[in-house]
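> Dropping a prediction and its sequence here:
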Amino acid sequence: MSSTIITVAPTGAESAKADVPALPVTLDELVATGKDCEAVGASIIHVHIRDEAARPTLDPGRLRETVAALRAETDLIVQLSSGGAVTDPEEHRLRVLDAEPDMASCTMGTVNFGTDVFMNRWEFIVELHQRMQEREIVPEYEIFDLGHLASLAKLLDKYGLPYGGHVHCDLVMGVPGGMPGTTQALVAAVQALPLGATFSATGVGRTALPVMLAALSAGGHLRVGMEDTLTYAPGKPVEGNAQLVARASGLARVAQRPPMRVEEARGLLGVRDRGPVVVGG
Ligand code: KMH
Ligand code: ZN
């Protein structure tokens, strides 16, 4: 069996720095986290950024600067979130692609998100998918519920394969309002994946470990990070993202599917080589 792609989602848009001091919110903190996580086995970084007051933002200049800094300082595959925060308007979410990341997330449907709604209209999904095809950005299809896989099948059927020709999904499990973070739900989702697709899985909150173990046993890849998990064990707050990546790498090694090298992950996902980094460019 092949090795395991480990994605780190270090920040997210939901937690406040005041509540979670270890959350990376500045560019320096994000780059330092990226380096630490790469050193212990991550190959993709799923990025949400914050403004000077540590609030979630989709500011185009900051996004470009973030992509450039991560490219300059790490070898990680840079995946920007096009999901943003539940309050972000569609045009700002589409504009994320202007920062020319290697990958971007593409959520496959609307989902209740705690007491909020994470809105993803069909026409918006199509627009995102097509713009990523044009700009040669590899999508990661975010699946929060089983019905999202029916939408993905329809999307690929009507609008074709993504850039790179390979379909990669992330099962985001355990969001209040989405599919539960259980082995049964994971198996149901894996059975509904498009033929030939790869998947990673992430379990939100206390579902992190059961989802990770189920994903490894089902041949999947892993996403971990403080976007999804703030408690390492009962009563033990996460100290930093690298702690979560190190645990995922350890479990992947136990499963005899060690962390995948970044170059191999690029090849598997069809990520384009975007050439030398132009700092400040
Ligand atoms: N922050 C959530 C509302 C993504 O990054 O694409 C959406 C999210 C998904 O995190
Ligand atoms: Zn995200």
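Here it is on my side, so go on. Residues are numbered from 1 along each chain as shown. Ligands and ions are numbered 1, 2, ... in the order given.
> Now do the contacts for the nearest residue to residue 39 once chain neighbours are set aside.
The shortest distance from residue 39 to any non-neighbouring residue, by C-beta to C-beta, 6 or more residues apart in numbering, is to residue 242 (7.4 Å). No exception for glycine: its C-beta is placed from N, CA and C like everyone else's. Listed by C-beta atoms under 8 Å, 6 or more residues apart in numbering, the contact partners of residue 242 are 33, 36-37, 39-40.
> Ok, residue 207 next?
173-174, 180-182.
> at 10 Å instead, please
173-175, 180-182, 185, 201, 214, 228-229 (C-beta atoms under 10 Å, 6 or more residues apart in numbering).
> How about residue 132?
82, 97, 101, 103-104, 106, 138-139, 162-164.
> closest to ligand 1 among those?
Checking these against ligand 1 with C-beta to the nearest ligand atom, the nearest one is residue 82 at 5.7 Å.
> Correct me if wrong: the closest one contacts residue 95.
Yes - using C-beta atoms under 10 Å, residue 82 is in contact with residue 95, at 9.2 Å.
> Which neighbours do the two have in common?
Contacts common to residue 82 and residue 95, judged by C-beta under 10 Å, 6+ apart, are 58, 88, 131.
> With distance to residue 45, neighbour count and secondary structure as extra columns, can I get those residues in TSV?
Output for the shared contacts of residue 82 and residue 95, formatted as TSV (distance: C-beta to C-beta, whole Å; neighbours: other C-beta atoms under 10 Å; DSSP: H, G, I helix; E, B strand; the rest coil):
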residue	distance to residue 45	neighbour count	secondary structure
58	17	25	coil
88	20	19	coil
131	21	18	helix
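> Please name the residues that touch the residue in the stretch 51-200 of the chain that ligand 1 sits nearest to.
Distances between the stretch 51-200 of the chain and ligand 1 by C-beta to the nearest ligand atom are smallest at residue 83, namely 2.5 Å. Shown in contact with residue 83 (C-beta under 10 Å, 6+ apart): 12-13, 46, 48, 58, 93, 96, 104-107, 113, 118, 120, 142, 144, 172.
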